Every structure is written in C-alpha cells, then in structure tokens.
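In: Sequence and predicted model, in that order:
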Protein chains: 2
Amino acid sequence: MRNRLSPEQYINGILAGDRLLLSRAITLAESRLPSDQALAQTVLAGVLPHTGRAVRIGITGVPGVGKSTFIETFGKHLTGLGKKLAVLAIDPTSQRSGGSLLGDKTRMETLSVDPLAYIRPSPAGDSLGGVAHRTRETMLLCEAAGFEVILIETVGVGQSETLVHGMVDFFLLLMLAGAGDELQGMKRGIMELADALAITKADGDNKANAKRARVEYQNALHLFPPTGTGWFPPVVTCSATTGEGVADIRALIEEHQALTMQNGSHGQRRQLQQLDWFRSYLRQRLEQQFYAQTGMRERLTAIEEQVRSGSILPVQAVNSLLG
Amino acid sequence: MRNRLSPEQYINGILAGDRLLLSRAITLAESRLPSDQALAQTVLAGVLPHTGRAVRIGITGVPGVGKSTFIETFGKHLTGLGKKLAVLAIDPTSQRSGGSLLGDKTRMETLSVDPLAYIRPSPAGDSLGGVAHRTRETMLLCEAAGFEVILIETVGVGQSETLVHGMVDFFLLLMLAGAGDELQGMKRGIMELADALAITKADGDNKANAKRARVEYQNALHLFPPTGTGWFPPVVTCSATTGEGVADIRALIEEHQALTMQNGSHGQRRQLQQLDWFRSYLRQRLEQQFYAQTGMRERLTAIEEQVRSGSILPVQAVNSLLG
C-alpha cells in the first residue's frame, strides 16, 4: 500500500473521527500483506481502549425480505435522532465474486450520503471465518471512530447468520408475512437465535396478513426455550415504506440493552464472544499453517472424495495427511 | 491391554455378532494407547464394508423428560419386533466424572438383559469432540456386528445435541407438556433441528395437557423453515408407562427413512456427516498437536483470561502463542 502513515497518525485520525483515515485503516486490516497486517494490529491495539461502547445489532432475513430498504429507513431514523451509525456486512457470496452485499451503494441511496452514516462493504476473503474475523476488526475501528450504533447485515446463506449472531448484542430477524416459500432460503436453527422478529412490508393490503403473522409467530416463540437473560423475544410488524413500527424496534433494542446491562448478561455475552473469536481465529491459523504445505489442498480434495463416499475412515484419512 | 487378539479375530468375531469381542473392540477404540489405536483402526477398516445399514436415531430432551424410560419402552417395542438394537450415549458430564449416562444400568433394567439389545455407556474423554468421535466409531462397530437400529441418547447439555444430530438419520426431541420450567435446560436452536417432537408422559391426568401441547407445537413447527428433504417434522404424544404412541413413533421413523431413501436426502445427509466428521477430527488433531507443546495449556489459560476481559486482541493473543 502506498503512502502508509505512522500508527499514531492512523490512531489519532480514527479517534478524531476522520472517515478517510478510518477507511484506510480498515483497508489495511483487510490486507493480506504481512507488513500491512502488522501495522493494522498496532493501530487496533492503540484504539482498543476506545472500543466496545456501541450498540451492536445484527440483521438477517432471506433475500426478498427487504433488508436494504429496512436498513435505509431504520438507519435514517437513527441518524434523525443524532446517532452516528456504521453499516457493515457479512456476505458469503463475496468470497466468490469479489463483490459485496453493500458494494452496490445505490441500494441505500439516502443513507449512503447521510453525514452521520458510514457504509462499508463486506470484505472479500477465501473463507467465511476470515470474513467474520475482518468484520469484527472493522467493527472495533468504527467504534473507536465514535460510531454509536453498528448494524451488521447478512444474507441468509451458509453459516453467516450464526457468525453475525456471535458478534452482536442484539440479533434481529426480518420475516415476511405468511409461512411459505419465503422460508425456503432460511436455515433451520436461526429463528431460535433471534432477539426479536420483525414482519416487514406491513403496509397496504399486506397489513392484515402481517398482523396475523405477528400473532402466530409470537405464539410460536412462547414455546421456545428461554434466552436465559430474562428477555422474551418479541414479534413486531414494520414498514420501510411508511416507517410504521421502525421507532418501536429502536425502542425495544434500547429496552433489551437496558435489561441486559443491568442483569450482567450483556457483559457475559461479549466476554464469550471475545473468547469464541480468539478460539476460532486460533483454529483458522492452525488450519492455514496446515493447508499452506505444498500440494496439501490437492491431497485434501482427493481424500475428501474418499471420505464422502465412505470408502475410507476419518482417522485413516487424517493419518495419511499428517503422517 | 492384555490378551490382545489379531485384527482378524476381532473382525471375524464382530461380523459373527460376538458381543464379547464387540465390547473389547470398542474398548480398544476408546483407548489412548497408540498401539491400541493402530489395532482399532485396522479392525475398523476391516469391518467398514459391513457398516452403514442400521437406522441411526438420536434422542434428546432435558433431564426429567423421561429419556431412560422412553428408551426402555421404545427399545422393548423394537426388540419385540425382532430388531437388534444398540443403545449408545453422548454425555458431556462423563468428561468430568469419568462416569456416564448409561453407566447406571439399573436405569434400563429390562432392556439391559434383553438378548437383542446391547447397551454401551458413554466413553469418558477430555473433550466433547473426542467423545463424539469415539461414539461414531462405536456406532460403526455395532453396525458391523449386525445391530439394525442404533439409538444415541444425549442429555441436553453443551453442544452434545448438535453433535448427535450430526451423526444420525433421525433426530427425536422429547418434550414435556406445557412450555415452562422444563424448557429451561434446553438449548436454543435445538427445536428446529428435530425430525420429530414427542410429548412424553401422556397418561392419566397429564393426557389432556399433552394433547394440547401437541397442537401448540405442531402449529409452531409449521412456522419453521422447511427441512429441505420434503419431510415435515410431526409432533406426537406418547407414554412410556402405557406404551401408547410408541408404535406410532417407530412407524413415523420408518416413513422418514422410506421418504429420504427414495428422494436421496438420506445419502446426502450421511455423506455430509462423513465429511464433517473428517474435518472436525482433522481440527481436533491439529489442535492436539498444538496443545501438546510444553506449557501450552498454562499459557493458553492465562491468555484467554486477557482475551475475555478485552485487554488483548485475538490476533495479538494468537501471535504471541504461535510466535
């Protein structure tokens, strides 16, 4: 990277809320160059004491649920209250395309020119774990730059929802009214992770449907195991078009923060998340060292074919790779 | 281990259905001695072509739901039909106590003396991943010995349900009527993994409650994402005391097998499970190599304390361990 600055310049710039330096620091953290990585880590360590104060919100839902329009409306509501907002994304598809979920900024036309909002596309990476790792670092840099709310969007693909759930204080699941085709893309096990469900597009002819769905899902959630934090995930309806219900969602997130701060579960959740981050990063690095051996990827592909068909046992397969 | 036999003696004994040799082979596979492990792998490789033909059923539910009595009644129903049945367990608590879920055989008095049933306690191990790995190997040995149904029981603690879900064809969740205290011990995300829910203790005064709960849960499951196999998880009631509903559960598992065999999802699920087993075992071995370094466990404990409190970043922590 040309024109690299000193760690102090990045750190002071970020702490002063300089967007350009924030963006450059994020790019540095996303870089694979060892020298960039070393510099990025010095910067991150420097800003670390100034992180952790934002409200971290994860948002997911299947394609077509209206995530972008919801985030646009919800984001404008927050900036309208004077809140500084950063919008990040975890997008497994960007691993293949090199593109990204939020790269197409026209999808959030109003928010992208809002001076209180900062939108950063999903990093492209070779593994979902790598993408999640970099998103966590980006979140810390944004917090140090003074952003008070971090929204992390994810498409409902692969393990991305679980990863986002593992880095936020509040996990919001957007749903469409009716329980049919729109659920096809959703992974099982996700509904039970949500801190709230919001039925989107509750306007016009769809309003009655949405209200009915709200009651059904609320009844269903009563049958779920409790969250263990004293919080009972509510189901609400909202419309990104009319703005109805959007303020209620903000209010219930505040309520959740107040409750979990007070009973200590907010801090516990964050400590566990830190520990999980560390452990998954350690595993990533150990696997990387292993995969980096000459010809290992090819050997692995061949042996996985045998494992899949059941013609070789896992222990034999691993022994032949490690031996 | 004294009196070790040749691989051929174990293999032929297992294939002939010799219980004593089966038990000794399992003990061998559970052993940590490298020479035992090498012998066990030869035996496993030898019987591999004769594995995979059993119906693999996972059973979970919170303590108090009546798992043991259900398995006793369900097991007797199966052996009454002439089926050869093996009952295994994954019990995370056995890591600490060295004891095991099914160690107390008095809990299944009738089944434990049934000539068609074979009950094997959960292995004690230093990690849940290790326990899961050994249970998979035990399952293969039991299949080679001619057992047609494998029941894997787990208590609803830690990640054990997810691990069991990852090694069976059918995952049965036992529930109590009413959605209250009995859910406290259940992990979130488990309900959505179930292939069927069975409300237990549906007898006497509790029958009406159980029937009401059945309708409520069935309505709730309609709102879940589909399984992707064409199977819609049913909710049934049963009583281990009267035996009511037990035959229905056997029938619906058969129905599930027929459907998934026919549409190919049975084979797909098993292939993915094989691959997951291989990958998680590979990770385990890489981590073991890493942890086996002198003083590493102590260093790790100290550094995890710093990570948890947020005073050090994961990358710094991992660098200091790997560097």
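Out: Sure thing, it's come through.
In: which element is the closest residue to A:Val168 other than its chain neighbours on?
Out: Excluding its sequence neighbours, the residue lying closest to A:Val168 (Cβ to Cβ, 6 or more residues apart in numbering or on different chains) is A:Gly58, at 3.8 Å. In this view, the C-beta of every residue, glycine as well, is placed from N, C-alpha and C. Using DSSP states H and E, the element containing A:Gly58 is strand A:55-60.
In: Could you list the residues in contact with that strand?
Out: Applying Cβ atoms under 8 Å, 6 or more residues apart in numbering or on different chains, the contact partners of strand A:55-60 are A:67, A:70-71, A:139, A:148-156, A:160-161, A:164-165, A:167-174, A:190, A:253, A:257.
In: Repeat that for stretch A:293-310.
Out: So stretch A:293-310 is in contact with A:290-291, A:312, A:314, A:317, A:320-321, B:48, B:52, B:270-271, B:274-275, B:277-278, going by Cβ under 8 Å, 6+ apart.
In: rerun at 7 Å
Out: For stretch A:293-310, contacts defined as Cβ atoms under 7 Å, 6 or more residues apart in numbering or on different chains pick out A:290-291, A:312, A:314, A:317, A:320-321, B:52, B:271, B:274-275, B:278.
In: can you tell me which helix in chain A is longest?
Out: helix A:265-291 (DSSP state H).
In: Now the very next helix or strand once past it: average pLDDT?
Out: Moving toward the C-terminus from helix A:265-291, the first helix or strand encountered (DSSP H and E) is helix A:296-308. Averaging pLDDT along helix A:296-308 gives 92.
In: Dump helix A:296-308 to CSV, restricted to CA.
Out: Output of helix A:296-308 as CSV, limited to C-alpha atoms (Å, rounded to 0.1, in the frame of the first residue of the first chain):
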residue,chain,number,x,y,z
MET,A,296,-1.9,-30.1,0.6
ARG,A,297,-5.1,-28.6,-1.0
GLU,A,298,-5.0,-31.1,-3.8
ARG,A,299,-4.3,-34.0,-1.4
LEU,A,300,-7.2,-32.8,0.7
THR,A,301,-9.6,-32.6,-2.2
ALA,A,302,-8.8,-36.2,-3.2
ILE,A,303,-9.1,-37.6,0.2
GLU,A,304,-12.3,-35.8,1.0
GLU,A,305,-13.8,-37.5,-2.0
GLN,A,306,-13.0,-40.9,-0.5
VAL,A,307,-14.3,-39.8,2.9
ARG,A,308,-17.6,-38.7,1.4
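In: Could I get the buried residue list for it?
Out: A:300, A:303-304, A:306-308 (16 or more other Cβ atoms under 10 Å in any protein chain shown).
In: What of stretch A:13-26?
Out: In stretch A:13-26, residues buried by neighbour count (16+ other Cβ under 10 Å) are A:13-15, A:18, A:21-22, A:24-26.
In: same check, this time on stretch A:215-232
Out: Residues of stretch A:215-232 classed as buried: A:216-217, A:220-221, A:223-227, A:229, A:231 (neighbour count, 16+ other Cβ under 10 Å).
In: How about the closest residue to chain B within the stretch 101-250 of chain A, nearest residue that isn't a chain neighbour?
Out: As assessed by Cβ to the nearest Cβ, chain B sits closest to A:Ala220 within the stretch 101-250 of chain A, at 3.7 Å. Take A:Ala220 and drop its neighbours on the chain: the residue closest to it by Cβ to Cβ, 6+ apart is B:Ala220, 3.7 Å away.
In: all strands of chain A, in order?
Out: Ranges of strands in chain A, per DSSP state E, are A:55-60, A:85-90, A:117-119, A:149-154, A:170-175, A:196-199, A:235-237.
In: strands paired with the second one, and their directions?
Out: If I follow you right, that is strand A:85-90. Using DSSP bridges, strand A:85-90 pairs in its sheet with strand A:117-119 (parallel), strand A:149-154 (parallel).
In: Contacts for that strand next, please.
Out: A:71, A:75, A:78-79, A:100-102, A:116-122, A:131-132, A:135, A:138-139, A:142, A:147, A:149-154, A:160, A:163-164.
In: Which among these count as buried?
Out: Buried members of these, counted by 16+ other Cβ under 10 Å: A:71, A:75, A:78-79, A:100-102, A:116-122, A:131-132, A:135, A:138-139, A:142, A:147, A:149-154, A:160, A:163-164.
In: mind listing which of those residues are in helices?
Out: A:71, A:75, A:78-79, A:131-132, A:135, A:138-139, A:142, A:160, A:163-164.
In: Might you enumerate the residues of the stretch 1-150 of chain A proximal to chain B?
Out: Counting by Cβ under 7 Å from any Cβ of the partner chain, the stretch 1-150 of chain A comes close to chain B at A:41, A:44-45, A:48, A:52.
In: Can you pull the domain assignment for chain A?
Out: Per automatic domain parsing, the domain ranges recorded for chain A read A:1-50, A:51-276, A:293-323.
In: What's the end-to-end length of the shortest one?
Out: Going back to what we said before, that points to domain A:293-323. Domain A:293-323 has an end-to-end distance of 13 Å (criterion: Cα to Cα, to the nearest Å).
In: next one: the longest one
Out: Separation of the first and last residues of domain A:51-276 by Cα to Cα is 18 Å.
In: That domain: how far from the chain's middle?
Out: 8 Å (Cα atoms, centre = their mean, to the nearest Å).
In: quick one: average pLDDT of that domain?
Out: pLDDT averaged over domain A:51-276 gives 88.
In: Which residues does stretch A:144-152 contact?
Out: Taking contacts as Cβ under 7 Å, 6+ apart, the residues outside stretch A:144-152 that touch it are A:14-15, A:17, A:22, A:47, A:50-51, A:54-59, A:71, A:75, A:78, A:83-90, A:118, A:135, A:139, A:142-143, A:164, A:167-168.
In: Also stretch A:196-209?
Out: A:65-66, A:70, A:172-178, A:210, A:213-214, A:217, A:233-242, A:244-245, A:249, A:252.
In: Buried only: go through those residues for me.
Out: So, by 16+ other Cβ under 10 Å, the buried ones in these are A:65-66, A:70, A:172-178, A:210, A:213-214, A:217, A:233-240, A:245, A:249, A:252.
In: Which residues of the stretch 201-323 of chain A lie near chain B?
Out: Residues of the stretch 201-323 of chain A lying close to chain B by Cβ under 7 Å from any Cβ are A:216-217, A:220, A:222-227, A:271, A:274-275, A:277-278, A:281-283, A:285-287, A:290, A:304, A:307-308, A:310, A:313-318, A:322.
In: Could you rerun that using 8 Å?
Out: Residues of the stretch 201-323 of chain A found near chain B (Cβ under 8 Å from any Cβ of the partner chain) are A:216-217, A:219-220, A:222-227, A:270-271, A:274-275, A:277-278, A:281-283, A:285-287, A:290, A:304, A:307-311, A:313-319, A:321-322.
In: strand partners of the strand holding A:Gly58, parallel vs antiparallel please.
Out: Counting by DSSP bridges, strand A:55-60 is paired with strand A:149-154 (parallel), strand A:170-175 (parallel).
In: Using CSV, list the CA coordinates for the first one.
Out: In other words, strand A:149-154. What follows is strand A:149-154, C-alpha atoms only, in CSV (Å, rounded to 0.1, in the frame of the first residue of the first chain):
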residue,chain,number,x,y,z
VAL,A,149,-24.6,2.0,16.6
ILE,A,150,-23.1,-0.7,14.4
LEU,A,151,-25.5,-2.6,12.1
ILE,A,152,-24.2,-5.8,10.6
GLU,A,153,-26.2,-7.1,7.7
THR,A,154,-26.0,-10.6,6.4
